[in-house]
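Novice: build me a model from this:
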Amino acid sequence: MAQYVGAIDQGTTSTRFIVFDRSGGIVSVAQKEHAQIYPKPGHVEHDPLEIWRNTLTVVEEALARKGLRPSDLTAIGITNQRETTLIWDRATGKPLHNALVWQDTRVDPLVQEFARDGGPDRLRGTTGLPLTSYFSGLKLRWLLDNVPGAREKAAAGDVLFGTVDAWLVWNLTGGRCHITDVTNASRTQLMDLRTLEWDHGILKLFDIPRACLPAIVSSSEVYGEAVGPLKGVPIAGILGDQQAALVGQTCFQPGEAKNTYGTGCFMLMNTGETPYPSTYGLLTTVGYRFGQKRPVYALEGSIAIAGALVQWLRDNLGLIAASTDIETLARSVENNGGVTIVPAFSGLYAPHWNAGARGLIGGLTRFANKGHIARAALEATAFQTREVLDAMSKDTGIAVKELRTDGGMVVNELLMQFQADILDVPVVRPKVIETTALGSAYAAGLATGFWTGTDELVSNWAVDRRWRPELDAAERERLYANWCKAVERSLDWS
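Specialist: Below is the predicted model of the structure:
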């Protein structure tokens, strides 16, 4: 009898396969990084075939480490970097171009073109999203315009579009399923939030042929069976990474919020069964849809650069040898020494949505050293989170009582304490911090009856540590005022 559920977690920098037991505990895990490709300034790409090869590798490794067979898994779920955009040949299964990563800004001219008539919010009422380079729709338009023959083949249905979830399902099923779930579809800027269908008006506006688009399905249902190393295992859950973390954190009640600290930083608040419009720079998105139940929506604050700033200090400046060294270096000083970093490497996302913003390091004096820069880098993530949480409170009128956290950076206890200090609310780390993978496993397990319902999932959630605010109120506001001043300097730099 199958005892476990598996989850493919395909992220911006790596791919993992994690096996979970009924309590949500991790049984086995394997992980492999993939290359970040930067052909030009502002261009960020991934090799889809490398991602697929890595997926097969981590599946086989995770199963082998515990002597597991596919029959030990009741189902698998998939969670993925969301807006990253691919096109591939239906007949051969081969990509026509590298994937355009969500951070890629090459479509900025298209954003400006479509914003001239109606402004950047012209599609927000339908999609919940402003016009920016972030989302998949205009990335697809760029590929159709720039890859020879792609547009004609797409119109005939011979070239297929998908975000990474669709690419993985296509390969896992041997080319039998071309689907995407509602959470990933809601990040394309091509789907109507209320009907959960591709919007014909936007497809016409962007000149995108319907024939290349995947079918939109729920986040939790049996889509098909896998072939290869997972042969016969039902694929039964798909959630974009941040929505998966919302589910993994069991934020099933309106007003509950989580923040994921990864390459970027993403805060989601459950807002119930009605799309909640934002007037303070947030995104309205689908949180999840289980089976044929009504969809649950969320407000999201998307931050482009969080852990990626630490990687930049490691790879570009050589200040640290490994990302985990950042906390030790930051603790070598008592405070930031007056240094503030705004990591607007690809503009600023929520709540500013300023594509022309660029990164800066401000407040430098001869006193400043690499410890101050390291501390300012961690603080930048916390300050950006404060901006988003303030916007959520303004939009909803709900004062968040605690913030549930997950992602790779939450092992950094200096960051977690400063996050509580600058928010002035408790910050909670759960016992299982791999909530992105766990959320997709939960979706797959619900679809196959492995878990009975959301009440059982809530009972699995447990606190590992809680940080409470310790910073003096006047110092909190002084630090935040310096941050706001630095952000103003960064805007419209380019």
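Novice: pLDDT at the closest residue in space to Gly174 that isn't next to it in sequence, what is it?
Specialist: Spatial nearest neighbour of Gly174, excluding adjacent residues (C-beta to C-beta, 6 or more residues apart in numbering): Val227 at 4.6 Å. Glycine gets a C-beta too; all of them are placed from N, C-alpha and C. Note on Val227: pLDDT of 95.
Novice: ditto for Pro41
Specialist: 87.
Novice: counting neighbours, what do you get for it?
Specialist: Residues near Pro41, counting by other C-beta atoms under 10 Å, number 10.
Novice: hang on, it in a strand?
Specialist: No - under DSSP: H, G, I helix; E, B strand; the rest coil, Pro41 falls outside any strand and is assigned coil.
Novice: begin at 36, not 1, for the rest of this chat.
Specialist: Got it, first residue is 36 now, which makes that one Pro76.
Novice: phi, psi of it?
Specialist: The phi/psi pair for Pro76 (degrees, to the nearest 10) reads phi -60, psi 130.
Novice: likewise Ala185?
Specialist: phi -70, psi -40.
Novice: ok now do it, which residues does it touch?
Specialist: Listed by C-beta atoms under 8 Å, 6 or more residues apart in numbering, the contact partners of Ala185 are Ile122, Leu131, His132, Leu178, Leu179, Val194.
Novice: can you tell me which of these end up in strands?
Specialist: Ile122, Val194 (DSSP state E).
Novice: dump the contacts of Ala185 to JSON lines, plus neighbour count.
Specialist: Below are the contacts of Ala185 laid out as JSON lines (neighbours: other C-beta atoms under 10 Å):
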{"residue": "Ile122", "neighbour count": "24"}
{"residue": "Leu131", "neighbour count": "20"}
{"residue": "His132", "neighbour count": "16"}
{"residue": "Leu178", "neighbour count": "23"}
{"residue": "Leu179", "neighbour count": "23"}
{"residue": "Val194", "neighbour count": "24"}
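Novice: which of the contacts of Ala185 sits closest to Arg151?
Specialist: Comparing these against Arg151 with C-beta to C-beta places Leu179 closest, at 20.8 Å.
Novice: tell me the pLDDT of the closest one.
Specialist: 97.
Novice: skip the chain neighbours and tell me the closest residue to it.
Specialist: Arg186 (4.4 Å).
Novice: residue contacts, that neighbour?
Specialist: Arg186 neighbours (C-beta under 8 Å, 6+ apart): Leu179, Asp180, Pro244.
Novice: surely the first one and Ile243 touch.
Specialist: Spelled out, it's Leu179. Yes - counting by C-beta atoms under 8 Å, Leu179 touches Ile243, with 6.9 Å between them.
Novice: picking that back up, tell me who's in contact with the residue nearest to Gly209.
Specialist: By C-beta under 8 Å, 6+ apart, Val262 lies in contact with Leu207, Thr208, Gly209.
Novice: buried ones among these?
Specialist: Leu207, Thr208 (16 or more other C-beta atoms under 10 Å).
Novice: so where is this protein shaky, pLDDT-wise?
Specialist: Confidence mapping of the chain against pLDDT under 70 gives the ranges 36.
Novice: convert the helix or strand Phe301 falls within to PDB, retaining C-alpha atoms only.
Specialist: Here Phe301 is covered by strand 300-307, with elements defined by DSSP states H and E. C-alpha atoms of strand 300-307 as PDB (Å, rounded to 0.1, in the frame of the first residue of the first chain):
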ATOM      1  CA  CYS A 300      10.300  37.200  -1.500                       C
ATOM      2  CA  PHE A 301       6.600  36.600  -1.800                       C
ATOM      3  CA  MET A 302       3.900  37.400   0.700                       C
ATOM      4  CA  LEU A 303       0.300  36.000   0.200                       C
ATOM      5  CA  MET A 304      -2.800  36.700   2.200                       C
ATOM      6  CA  ASN A 305      -5.900  34.500   1.800                       C
ATOM      7  CA  THR A 306      -8.800  36.700   1.000                       C
ATOM      8  CA  GLY A 307     -11.500  34.100   0.500                       C
END
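Novice: export the contacts of Ala185 to a markdown table and append columns for distance to Glu148.
Specialist: Listed next are the contacts of Ala185 as a markdown table, based on distance: C-beta to C-beta, whole Å:
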| residue | distance to Glu148 |
| --- | --- |
| Ile122 | 21 |
| Leu131 | 23 |
| His132 | 21 |
| Leu178 | 16 |
| Leu179 | 15 |
| Val194 | 23 |
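Novice: ok, so of the contacts of Ala185, who is nearest Pro74?
Specialist: His132 (10.9 Å).
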